[in-house]
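Novice: Sequence and computational prediction follow.
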Amino acid sequence: MVAVELEGIWKRFPGVIANAGANLRVTSGTVHAVLGENGAGKTTLMNVLAGVYRADEGSVRLDGIEQSFSKPADAIAAGVGMVYQEFRLIPTFTVAENVVLGSAPPVLRKGEIEDKIAALAERFGLHTEPGREVWQLSMGERQRVEILKALWRDANVLILDEPTAVLTPQEADELGRITKAMAEDGRSLIFISHKLDEVTAFCDEATVLRHGKTVAASIPVGELTASNLAELMVGEATEVSQRRTRHEPVAERSALQVSDMRVTDVHGRNVVDGVTLSVNAGEIVGIAGVAGNGQRPLADAIAGLDRSGVGQIEIAGTDVSSMSPRARNTAGLAYVPEDRLGVGLAPRMNVIENAMMRSYRTLSNGPFIDRSAAEENASTLVEEYNVKVGQMHAPMAALSGGNLQRLLVGREIAGDPVALVAAQPTRGLDVQGVAAIQAILLKQSHAGVGILLISEDLEELFALSDRLLVMHEGKVVGEFDPDTATRAEVGIAMAGGHRAEAV
């Protein structure tokens, strides 16, 4: 039985055709992958199914019955739930409040609701604390709240947009087992991912979009390899991760030094607990760890966004511990935060305005911005980093994830930094987007920039890092040589299984 059928879907925006007659057919009780480059129309097509957009042309059918959704509530009532890549949570609400918001739960006491949500989370391995406020959570923990929201509403069709982007390999494997269990229970899952090994491991069938069109529909995944899927997506095989050449010695010149860094949360708990690390010029130092073990507060403390930290930070030998974020940037520190829209960019501002956030002082004519210089600055970044934009004056939120990330990374390194802190720089990007960002990082390291790379993608860390650190419960618990360490050894350290000796 066919659970979902989208036929001939067209969706147009000013200057952009997102879907051009796209088709999708999902069989009941299966996990169906939807693949494509950033900007291929995947999320737009799913937003049509989720009731966020109304198609200009085409039809939507659930269990053979034609549907006409005018708003997301209509799709939710019909049993369609969507977990978005960019989170849609209220930071000042608790986990439980976010999960039940808008779902008209039965009359229960707050404690009863929290107990039910905790039981639901435990059932599916989505461990969380229902009473914590969302602003205190890491990106990985927020992702789990989004999944819980859909499960709480008992969606029969569940759309997962890059659900493993902030998970460790072990957590991703567990989510794969969970999706299969839900499919066996009769749910139909649509799995949007750029991690081709996950698609081949977790999914039953795959549909590939390119330039808004369906180029391959409902292919049995067992008949394809990751290379085949990549070729369908981009027209040619593309390496997911570029193995770094380490023949040239790393310069013994400090780019970034962090000494005894400690950061506490609102409850006085040490979320970063005595971290000391160094990054030399031209070196890439990777940090691995399960989401929520201090990586984000460490990165924010280094960048100066979290001023509650205690410890010393040096950029090329200059102590910047007491400096503002702008002063640290002037001293040579660039920062690519993991939350690109919430922290790195201003979604309601346009491409030109976002491109000049680091350089607006040099683009000023007296007290006013030189608009022509600002437009030229944005055009240079767009061209140099291959950012695909419809209109330069359109809000940033209209760009796909890969193009958002290219502009963000390009803007941060345009000032020739000494050190770059990059947190989840390829999260949620497609095959070509990952390759493009990784190529930029490699080029910067070859130019002498010291890079602290925080990622939950172990393959990426093994491919790019000169040294690999592991964080657990706010501490650096191990250091590994990526050329000799195994994935299992690093995974054990990430889980707190042992404290590895430094290499």
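Specialist: Ah, there it is.
Novice: ok, M357 - contacts?
Specialist: The contact partners of M357, by C-beta atoms under 8 Å, 6 or more residues apart in numbering, come to 346, 411. C-beta here means a position set from N, CA and C on the backbone, and glycine is covered the same way.
Novice: for the stretch 151-300 of the chain, what spans make up the strands?
Specialist: Along the stretch 151-300 of the chain, counting by DSSP state E, counting those that start in this stretch, strands occupy 157-161, 188-192, 205-210, 213-220, 254-264, 270-280, 284-288.
Novice: do you know which of the ones you listed lies nearest V421?
Specialist: V421 sits nearest to strand 254-264 of all the strands of the stretch 151-300 of the chain, at 7.6 Å, using C-beta to C-beta.
Novice: Would you map the helices across the stretch 351-500 of the chain?
Specialist: 351-355, 371-384, 401-413, 431-446, 458-464, 487-494 (DSSP state H, counting those that start in this stretch).
Novice: rank those helices by pLDDT, which is bottom?
Specialist: When those are compared by mean pLDDT, helix 487-494 comes last with a mean of 77.
Novice: A18 - that's part of a strand, no?
Specialist: Yes. Assessed with DSSP: H, G, I helix; E, B strand; the rest coil, A18 lies in a strand.
Novice: so who does it touch?
Specialist: The contact partners of A18, taken as C-beta under 8 Å, 6+ apart, are 11-12, 41, 44-45, 212.
Novice: And for G344?
Specialist: 336-337, 408 are the contacts of G344 under C-beta under 8 Å, 6+ apart.
Novice: Where does N23 fall, secondary structure wise?
Specialist: Assigned by DSSP states H and E, N23 falls within strand 16-27.
Novice: Following the chain past that strand, name the next helix or strand.
Specialist: strand 31-35.
Novice: Remind me what that following strand packs against, helices and strands.
Specialist: strand 16-27, helix 42-49, helix 169-184, strand 188-192, helix 196-202, strand 205-210, helix 226-234 (3 or more C-beta pairs under 8 Å, 6 or more residues apart in numbering; DSSP states H and E).
Novice: what about 7 Å?
Specialist: Judged by 3 or more C-beta pairs under 7 Å, 6 or more residues apart in numbering; DSSP states H and E, the packing partners of strand 31-35 are helix 169-184, strand 188-192, helix 196-202, strand 205-210.
Novice: Is it possible to get JSON lines of those that adds distance to I17 and mean pLDDT?
Specialist: As requested, the helices and strands packed on strand 31-35 are exported to JSON lines (distance: least, C-beta to C-beta, whole Å; pLDDT from 0 to 100):
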{"stretch": "helix 169-184", "distance to I17": "31", "mean pLDDT": "79"}
{"stretch": "strand 188-192", "distance to I17": "20", "mean pLDDT": "93"}
{"stretch": "helix 196-202", "distance to I17": "26", "mean pLDDT": "81"}
{"stretch": "strand 205-210", "distance to I17": "12", "mean pLDDT": "91"}
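Novice: which one of these lies closest to A378?
Specialist: strand 205-210 (27.4 Å).
Novice: Give the buried residues for stretch 181-195.
Specialist: 182-183, 187-195 (16 or more other C-beta atoms under 10 Å).
Novice: tell me which of these is nearest to H446?
Specialist: Distances from H446 to the buried residues of stretch 181-195, taken by C-beta to C-beta, are shortest for H194, at 25.5 Å.
Novice: can you pull the buried residues of stretch 462-470?
Specialist: 462-470.
Novice: So which residue is smack in the middle of this structure?
Specialist: With distances taken as C-alpha atoms, centre = their mean, the residue of the chain nearest its centroid is R427 (3.3 Å).
Novice: ok, L453 touching I284?
Specialist: Yes. Between L453 and I284 there is a contact under C-beta atoms under 7 Å: 5.6 Å.
Novice: residues shared between the contacts of these two?
Specialist: Counting by C-beta atoms under 7 Å, 6 or more residues apart in numbering, the common neighbours of L453 and I284 are 441, 464-465.
Novice: What is the neighbour count of the closest residue to S138 other than its chain neighbours?
Specialist: Nearest residue to S138, sequence neighbours excluded (C-beta to C-beta, 6 or more residues apart in numbering): G292, at 3.9 Å. The tally of other residues near G292 (other C-beta atoms under 10 Å) stands at 22.
Novice: can you pull the pLDDT of G292?
Specialist: 74.
Novice: How about L345?
Specialist: 85.
Novice: Now the phi/psi pair for it, please.
Specialist: Per-residue torsions, L345: phi -130, psi 160 (degrees, to the nearest 10).
Novice: Neighbours of it, how many?
Specialist: Using other C-beta under 10 Å, L345 has 24 neighbouring residues.
Novice: Equivalent analysis for the one 5 residues further on, please.
Specialist: If you count neighbours by other C-beta under 10 Å, N350 ends up with 17.
Novice: So in terms of bridging, what pairs with it?
Specialist: Taking DSSP bridges as the rule, N350 bridges to P395.
Novice: Wait, it touches A397, no?
Specialist: No. Between N350 and A397 there is no contact under C-beta under 7 Å: 10.1 Å.
Novice: L305 touches P325, doesn't it?
Specialist: Yes. Applying C-beta under 7 Å, one finds L305 in contact with P325, separated by 6.0 Å.
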